[in-house]
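> pasted the sequence and its predicted model underneath.
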Amino acid sequence: MSDQPVVAVERLRFQWRGATAPCLDVDSLHLLPGERVFLHGPSGSGKSTLLGLLGGVLLPKSGSVRLLDTDLAALSGRARDRFRVDHVGFIFQQFNLIAHLPVLDNVLLPCRFSQRRHARAARERGVKDEARRLLDALGLGASVLDKPVTQLSVGQQQRVAAARALIGQPEILIADEPTSALDAERQADFLQLLLQEAAAGGATILFVSHDRRLAAHFSRELALAEVNRASTQRAEDAA
Ligand SMILES: Nc1ncnc2c1ncn2[C@@H]1O[C@H](COP(=O)(O)OP(=O)(O)OP(=O)(O)O)[C@@H](O)[C@H]1O
């Protein structure tokens, strides 16, 4: 396995508009190919903000975020969107599913926008069959495939979001609290599938959760405060 990082963050600083202090100040953070990283930290400490920067949804005030040796800030907005859909599977905290589309079409979205994901999803079976396979493995059977996502429970929507992130084996999987709406049994099945699919595609996972018990499934546990100097500064200011 190559030691070239899949994700490389250097001297990253990010401050929300209107905020009086930086939210993130990360000197260096590298994720290696195939690493399974469990990221945790208190509510409001900047985990979702970091994930937004890694996905190129947010851009740093200074410093760089490189994915697969590509500097996200150097790309045009359009090229960045294309890069993200080609290489990153993102499970958002709020799912970001398309309300008017049925379940199957939501899962197939990355294949619609990325030829690369389409080709990878179609390697062993048709893309629709691959979407059905992922949904089935996540416990969502044929009865939900044509339903609008708005008719699904929150836990079911979370699994649709996971299938959408996994389809076409992106190299990087970013998951923001993806198990929060699942019961214990579904949580175990979900994690197993996520890790299995990631391993099959050689993907790197960055997984955020408040539930520290899940950390045992990952190859590295990372507290955001360990790498974020802004949180040290906040703690010193509060003292
Ligand atoms: N869109 C925004 N505009 C301004 N400030 C924001 C925005 N989103 C988040 N913040 C601020 O950035 C800080 C970090 O928020 P963030 O959502 O990244 O934390 P988190 O660790 O993911 O929290 P949680 O575990 O509750 O999801 C908070 O102080 C929050 O108020």
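Nice, I can see it.
> going forward, measure contacts between C-alpha atoms and count neighbours the same way
OK.
> stretch 15-25: which residues count as buried?
Residues 15, 22-25 are the ones in stretch 15-25 that count as buried (16 or more other CA atoms under 10 Å).
> max pairwise distance over those: which two?
Spatially, the most separated pair among the buried residues of stretch 15-25 is Gln15 and Asp25, at 8.9 Å (CA to CA).
> near the ligand too, which of the buried residues of stretch 15-25?
Among the buried residues of stretch 15-25, the residues within reach of the ligand (CA under 6 Å from any ligand atom) are Cys23.
> closest to the ligand among the buried residues of stretch 15-25?
Distance to the ligand across the buried residues of stretch 15-25 (CA to the nearest ligand atom) is lowest for Cys23, with 5.8 Å.
> that closest one contacts Gln15, correct?
Yes - with contact defined as CA atoms under 8 Å, Cys23 counts as touching Gln15 (5.2 Å).
> which residues touch Asp146?
The contact partners of Asp146, taken as CA atoms under 8 Å, 6 or more residues apart in numbering, are 102-104.
> where does pLDDT dip in the chain?
Along the chain, the model assigns pLDDT under 70 to residues 1-2.
> up against the ligand, what does it have?
So the chain meets the ligand at 16, 23, 42-49 (CA under 6 Å from any ligand atom).
> narrow those to just the buried residues.
Neighbour-count burial (16+ other CA under 10 Å) is assigned, among the residues of the chain next to the ligand, to 23, 45-49.
> any chance of TSV for those residues, columns secondary structure?
Below are these laid out as TSV (DSSP: H, G, I helix; E, B strand; the rest coil):
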residue	secondary structure
Cys23	coil
Ser45	coil
Gly46	coil
Lys47	helix
Ser48	helix
Thr49	helix
